[in-house]
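Participant: attaching a predicted model along with its sequence, questions to come.
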Amino acid sequence: MSILRLANVSYIYDGSKKRVLKDINVEFECGILYGIIGKSGAGKSTLLSLLSGLDKCKEGAIIYNEKNMNEIDRDEYRAKGIGVIFQGYNLLTNATVLDNILLSIDISGKKIPNKKEYALELLEKVGIDKEKAMRKVLKLSGGEQQRVGIARALSHDPKVIIADEPTGNLDSDTEANIMGILERLAHEEDKCVIIVTHSKGAASYVDELYALTAGTLTFVR
Amino acid sequence: MYVIKNAIKNIGRNKGRNLIMGMILLVMIFTIAISVIINTSANATVAYYKKQFGAEVIMARNNEKMPKDLNDYRVPSFKEIGKYADSSLLKSSKISGKIAAYLVGVNTLDSDAAGSGKSAQSDGMGGASSSSDRVNSFIVASNQPEINEEFSKGLRSITEGRMFKEKNEIIISQKLSKFAELSIGDTITIRVTSPYNASDSKEITAKISGIYADHAPEDETVEFQSALTNRGNEVFMSMETAIESELFDSDMAVISASFKLKDPNDLAKLQTEFHKKGLPEYFELIADTTTYQKMVGPLEGLSSITQTFTAALLVFGSIVLIILSNIAIRERKYEIGVLRAIGMKKSRVSYGLLSEMLVITAIALGIGLCGASLSSRPIANAVLSSQVEEAKGNGNQAIGSQYVSGTTTVTVPIDEINTDLSSEAVIQIVLFSGILAFVSSAAGVLYITRFEPMKILSERN
């Protein structure tokens, strides 16, 4: 059963006549690592914005957990329903790594008895030790920041993880490492993981691959 | 709760920016606090003096309302004033009268001295030309048991017997008692004769209930002592006795009266009541505004200065804080974009920004209040002294054509103010600080919440 479904989704930016997304129909299920590839300007970012609830679907419907996303609170959806891993990490740079995770837990409203311990365990899982957890985000490398982004996306235990170019700025070793984490999340923790990527290497890890070409989504494998 | 926790952490995360904001707030709150403390203290002092002077009322003649035929002019009698004073609007009244009289058969002090027994016309107080109409004493009557300030301040005191209590009781001086061989229980006949008609006289036989000692130093400036100028011959009686005996019904009686209102705002009501009871229209009731103005005028000036200063500071401070807050919030645009992207609601983001500003304001408020309470007094007195100088330069304010009866007191403007950090001042300062915190954070909130998280983040990326 799908956790996230796009039904006849099209998108036109205000003041533009060009359809960025054209009649997209796709279903995403838990336990599968999905990949979406496409060239620049193909509409990947727009699709991600819609999936992550940062933008509103104007034509068609995005159904999350059998509910139309236009009818639910998008802030709640972002806080509780999904975890987003941003290409540019989008972490609070003046806060510590740990505070980034704790704040995400607080925003989601998830009740966890020992939040600090839970957050440290989560960071440990993605390869950030306790000492690094106490550092300010800007003191970490790009790969480490991306891991923190993954930990934050997982902090409130969402069913859907959406990742925008999760390995875009990373070397091949780190890419393999990050993709390994995402693969485990899908297969071992039964998450629905959707990644948007340019990287052929990253695309090789996914279970199902889709291509976005001029606003049209097609199944590759 | 986490919003407040994060707000507090954020203050530490952005030390530099918050320190600048805090310093600016501190300076503003400090100056506002000083203004408010001075203003509330000045207002409280003004209110106190207003109550004091506004409540003290005297009768004054308004020359503009005088009757055309001066024969119609009359001064209210002792009895009439006593009737006026019987009013529910009054807290108390002080009525006293003095008239020259003849103590029949009493050998008064200095009665054989030159100038003794002058006629009413010549001494202005009473008396007549024939030997039977001679005056040898002053009778003083009052509605107050302490009679006048001399008794309440101890210049005269009862040494034998007691103060008059019953009707037709009097007290005499120790000197007269010895000189005229009078003692407690003896009776004296007191006679007041009209200066215009020797056959028109009033008489009373009064019993001595007490003897008083006069502790006032001898007045060496008096060249020729007479029975009338010798304080030892003064006889005191109650107002009730004076009214019943009609001794004071003569035009020669000098009567002074002052009234204390329960509520200073009832002056007009009391005047209407007095006029209804028979007070001639050319007499009006007035509060002692000259003294009041002279004393509290500088304070009112100080209060007005601080009010203007506070208002100007609030406006100026708000503008500065709005500008600063806008600059600061632009720096935080990304942070807010991240918070919104991970699901924090606009209301919580706003609440967080407001909480941060409130915490900074609370710290600035604490320091500002302490500093202001310590330094408000010297600042207030420095500003007040310039106001006092200005008031001295302006001189007294004249009442116009009114003639005020009563005693003259020397009035000195209030040149020192006790600036207490009252609860009223604290409430006002907290309120003003709250306004500053709200204005500065509201400007930032309004600016930042116009943007959607996607826009903020894409701009950065």
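Facilitator: Right, received. Where do you want to start?

Participant: all helices of chain A, in order?
Facilitator: Applying DSSP state H to chain A gives helices spanning A:44-51, A:74-76, A:97-108, A:115-125, A:130-133, A:142-154, A:172-187, A:200-203.

Participant: which strands or helices does the third one pack on?
Facilitator: Using 3 or more C-beta pairs under 8 Å, 6 or more residues apart in numbering or on different chains; DSSP states H and E as the contact definition, the elements that helix A:97-108 packs against are helix A:115-125, helix A:130-133, helix A:142-154, helix B:2-13. Where you see a C-beta, it was placed from the backbone N, CA and C, and this is true even at glycine.

Participant: closest one to residue B:303 among the ones you listed?
Facilitator: If you check each of those against residue B:303 by C-beta to C-beta, helix B:2-13 wins as the nearest, at 36.7 Å.

Participant: now the angle between helix A:115-125 and that closest one, please.
Facilitator: Using axes from the mean of the first three to the mean of the last three C-alpha atoms, to 10 degrees, the direction of helix B:2-13 lies 70 degrees away from that of helix A:115-125.

Participant: is helix B:2-13 positioned near chain A?
Facilitator: Yes. Judged by C-beta under 8 Å from any C-beta of the partner chain, helix B:2-13 comes into contact with chain A at B:2, B:5-6, B:9, B:13.

Participant: not counting that helix itself, show me its contacts.
Facilitator: A:94-95, A:99, A:103, A:106-107, B:18, B:348, B:351-353, B:355-356, B:359-360 (C-beta atoms under 8 Å, 6 or more residues apart in numbering or on different chains).

Participant: and stretch A:61-76, by the same measure?
Facilitator: A:2-9, A:50-51, A:53-54, A:56-57, A:77, A:81-82, A:159-160, B:340, B:343-346.

Participant: those in strands, which ones?
Facilitator: In this view, the contacts of stretch A:61-76 that belong to strands under DSSP state E are A:2-9, A:82, A:160.

Participant: which one among the residues you listed gets closest to chain B?
Facilitator: Using C-beta to the nearest C-beta, residue A:82 is the member of the ones in strands among the contacts of stretch A:61-76 that sits closest to chain B, with 9.0 Å.

Participant: wait, isn't that closest one in contact with residue A:54?
Facilitator: No. Contact status for residue A:82 versus residue A:54: not in contact, 10.4 Å apart, counting by C-beta atoms under 8 Å.

Participant: pick out whichever of the two has more residues nearby.
Facilitator: Set residue A:82 next to residue A:54 and count neighbours by other C-beta atoms under 10 Å in any protein chain shown: residue A:82 wins out with 23 against 20.

Participant: show me what contacts that one?
Facilitator: Going by C-beta under 8 Å, 6+ apart, residue A:82 touches A:51-53, A:64, A:158-162.

Participant: which residue does chain B have closest to chain A?
Facilitator: For chain B, C-beta to the nearest C-beta, closest residue to chain A: residue B:343, 2.5 Å.

Participant: for that residue, which non-adjacent residue is spatially closest?
Facilitator: residue A:79 (2.5 Å; C-beta to C-beta, 6 or more residues apart in numbering or on different chains).

Participant: how many residues are close by residue 2?
Facilitator: Let's take chain A. Residue A:2: 15 neighbours (other C-beta under 10 Å).

Participant: actually chain B
Facilitator: That count, for residue B:2 with other C-beta under 10 Å as the rule, works out to 16.

Participant: same question, residue B:348
Facilitator: 19.

Participant: any low-confidence regions in the stretch 151-300 of chain B?
Facilitator: Residue ranges of the stretch 151-300 of chain B with pLDDT under 70: B:219-223, B:288-294.

Participant: would you map the helices across it?
Facilitator: Along the stretch 151-300 of chain B, the segments classed as helices by DSSP state H, counting those that start in this stretch run B:174-179, B:239-245, B:267-276, B:289-331.
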